[in-house]
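Chemist: Sequence first, predicted coordinates after that:
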Amino acid sequence: MNQINCPNCSNNQVVKSGIVNQRQRYKCKSCGYNFTVNKLGKRIDDYYVNKALQLYIEGLSYREIERILGISHVSVMNWVKKYGLKRPINRKYHPTYKILTKEELSNFFSDSDNIKGAGVLVTELGDKFMLLKWERFRD
């Protein structure tokens, strides 16, 4: 017989749990996850999950992450909840970001005025780069 593993925890202790839309439904005894074997859904690559969580920690909002990566803000919220991430609280600074090509990034760093300030982080985003800069709030 074919061994069925839970897609959530990879455990093989699953039991039948009814039929939904003419497909057998299963429940994992270990984690309680309900699933169907031939589920027709899409899985988001771990690269984008990591990028979304990294951007969240850096201070971007869920909607900003959605616009940048093209991933639902609800998915990002679920990942933050799943992994129990907490953002560091800093009320003196706020992040701003720019999406730049390799040439634009090089030009940005050639101007010394762009480097002064609270801090800059560059992260790869496919064929482009995201530049995050923390700026002080104006009083």
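Modeler: That came through, no problem.
Chemist: C-alpha from now on. contacts and neighbour counts both.
Modeler: Fine.
Chemist: hmm, who's touching stretch 57-72?
Modeler: Defining contact as Cα atoms under 8 Å, 6 or more residues apart in numbering, one finds that stretch 57-72 is touched by 48, 52, 55-56, 73-74, 76-77, 85-88, 94-95, 132.
Chemist: of the residues you listed, buried ones?
Modeler: Ala52, Leu55, Tyr56, His73, Val76, His94, Pro95, Leu132 (16 or more other Cα atoms under 10 Å).
Chemist: what's the closest of the residues you listed to Phe109?
Modeler: Lowest distance from Phe109 to the buried ones among the contacts of stretch 57-72 (Cα to Cα) belongs to Leu132, with 12.9 Å.
Chemist: residue closest to the middle of the chain?
Modeler: Centroid-nearest residue in the chain: Ala52, 2.5 Å away (criterion: Cα atoms, centre = their mean).
Chemist: follow-up on the earlier one: identify, from the contacts of stretch 57-72, the entry nearest to Ser112.
Modeler: The closest of the contacts of stretch 57-72, once distances to Ser112 are taken by Cα to Cα, is Leu132, at 16.3 Å.
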